[in-house]
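Chemist: Quick one: sequence plus predicted model below, questions after.
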Amino acid sequence: MANILHVNSVADYFKLRRCVVLHPLVGIIDFNDLGEEGYTNDGYDAFHYKCYAIFLKDAMGCKITYGGKPYDYDEGTLVFLSPNQTIELGDYDPNYVPKGYALLFHPDLLLGTDLGKKMDNYSFFSYSTKEALHLSARERKVILGLFEKIQFELDQNLDKHSKKLIVANIELFLDYCVRFYDRQFLTRENVNKGSLQEFDSLLMNYFTSDKPQKHGTPSVGYFADQLHLSSNYFGDMVKKETGKSAQEYIQDKLIEVAKEKVFDPAKSISEVAYELGFKYPQHFSRLFKQRVGYSPNEFRSLN
């Protein structure tokens, strides 16, 4: 990446697109209204964001790179970026013309608001671009309606109500996206079940290999990486499919394996702990008792 645009503020991105800034902390761009100059990236290879950015893409042929892999935007998708994310720009179709919308808002807009306290709940801001939200026609109308409400407030003279109404509409926008992602998880149920089966296989292979001794107890991030998913998307998928967090699911499997190993009288509890990837045997014993109700030695004696 030779030339990176640092989007430290809403104005930085609006300047690139030759758009007028109506509010220093939030703005919407309608790509259909841009002049020819607004479509260019001025030679930048990547954008590094210090603000939140949400893109509704309505045109094919836009390629970007995230995590070292290229992705095409499908028509009618929402992509969410949180502060401190970098997006590399790929090759464009020669006839590509951007269509859609961009909503950018700076974290300072959320200071002192309820939304500011709950932003971490919107895990899709940490999904990778290949895990974008694909909207149905009806969902797209809802999203466009909320863009319109936010833009209406931006077009007014700022007053004491402006921030509250803008933030409230952004929160409603994000809450609808939570619902739409729940729908997307359901419509991709077969794909997700395939990923879950692969996760099960990877998890069992982890315990039957020397990986625990080399890398320690299995982590959510490790398996997300193996399945080419972001950690947040992977965690949400496991939660939707099993009702358990990915960490809980991993610990369940670990305890299953641990119960079998504890039965081997030739091994000490410390040896079992090290085989499972624990650096300190007491950490294994504590987890075992929390999950089983007995210490490893008590469980061995009972059985």
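Modeler: Now that the structure is in, tell me what you want to look at.

Chemist: Now do the helices in the chain.
Modeler: Under the criterion DSSP state H, the chain contains helices at 10-16, 114-118, 137-155, 162-187, 189-207, 211-215, 220-226, 231-242, 246-262, 269-275, 281-292, 296-302.

Chemist: Pull the distance from the fourth one to the chain's centre.
Modeler: For helix 162-187, the distance between its averaged C-alpha position and the chain's averaged C-alpha position is 15 Å (Cα atoms, centre = their mean, to the nearest Å).

Chemist: quick one: low-confidence ranges for this structure?
Modeler: 1-2, 35-39, 59-75, 90-98, 129, 188-193, 303 (pLDDT under 70).

Chemist: distance between the ends of stretch 151-168?
Modeler: Using Cα to Cα, to the nearest Å, the end-to-end distance of stretch 151-168 comes to 13 Å.

Chemist: Not counting that stretch itself, show me its contacts.
Modeler: Residues from elsewhere that reach stretch 151-168 (Cβ atoms under 8 Å, 6 or more residues apart in numbering): 22-23, 26-28, 109-110, 113, 115, 150, 169. C-betas here are computed from N, CA, C, even on glycine.

Chemist: What residues sit buried inside it?
Modeler: 151, 153-154, 163, 166-168 (16 or more other Cβ atoms under 10 Å).

Chemist: Looking at the residues you listed, which one is closest to residue 222?
Modeler: Nearest to residue 222, judged by Cβ to Cβ, of these is residue 167 at 37.1 Å.

Chemist: how close does that closest one get to residue 100?
Modeler: 23 Å (Cβ to Cβ, to the nearest Å).

Chemist: Next: residue 199.
Modeler: 34 Å.

Chemist: More neighbours: which of those two?
Modeler: residue 199 (24 against 20; other Cβ atoms under 10 Å).

Chemist: Give me the spatial nearest neighbour of the more buried one, chain neighbours excluded.
Modeler: Spatial nearest neighbour of residue 199, chain neighbours left out: residue 223 (5.7 Å); criterion: Cβ to Cβ, 6 or more residues apart in numbering.

Chemist: if we can go back for a sec, could I get the helices of the chain as CSV with distance to residue 48?
Modeler: Output for these, formatted as CSV (distance: least, Cβ to Cβ, whole Å):
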stretch, distance to residue 48
helix 10-16, 10
helix 114-118, 22
helix 137-155, 24
helix 162-187, 22
helix 189-207, 30
helix 211-215, 30
helix 220-226, 22
helix 231-242, 20
helix 246-262, 29
helix 269-275, 42
helix 281-292, 38
helix 296-302, 48
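
Chemist: Of all the ones you listed, which one is nearest residue 56?
Modeler: helix 137-155 (6.3 Å).

Chemist: Give the buried residues for that closest one.
Modeler: Within helix 137-155, the residues that count as buried by 16+ other Cβ under 10 Å are 139, 142-143, 146-147, 149-151, 153-154.

Chemist: Quick one: the residues you listed as JSON lines, columns for distance to residue 43 too.
Modeler: JSON lines is the format used below for the buried residues of helix 137-155 (distance: Cβ to Cβ, whole Å):
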{"residue": "139", "distance to residue 43": "36"}
{"residue": "142", "distance to residue 43": "37"}
{"residue": "143", "distance to residue 43": "31"}
{"residue": "146", "distance to residue 43": "34"}
{"residue": "147", "distance to residue 43": "29"}
{"residue": "149", "distance to residue 43": "35"}
{"residue": "150", "distance to residue 43": "31"}
{"residue": "151", "distance to residue 43": "30"}
{"residue": "153", "distance to residue 43": "34"}
{"residue": "154", "distance to residue 43": "29"}
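
Chemist: tell me which of those residues is nearest to residue 126?
Modeler: Closest to residue 126, out of all of these and judged by Cβ to Cβ, is residue 143, at 20.1 Å.

Chemist: For that closest one, which residues are in contact?
Modeler: Listed by Cβ under 8 Å, 6+ apart, the contact set of residue 143 reads 56, 78, 135, 173, 176.

Chemist: coming back round to it: of the buried residues of helix 137-155, just say which sits nearest to residue 10.
Modeler: Nearest to residue 10 among these, with distances taken as Cβ to Cβ, is residue 154, at 10.7 Å.
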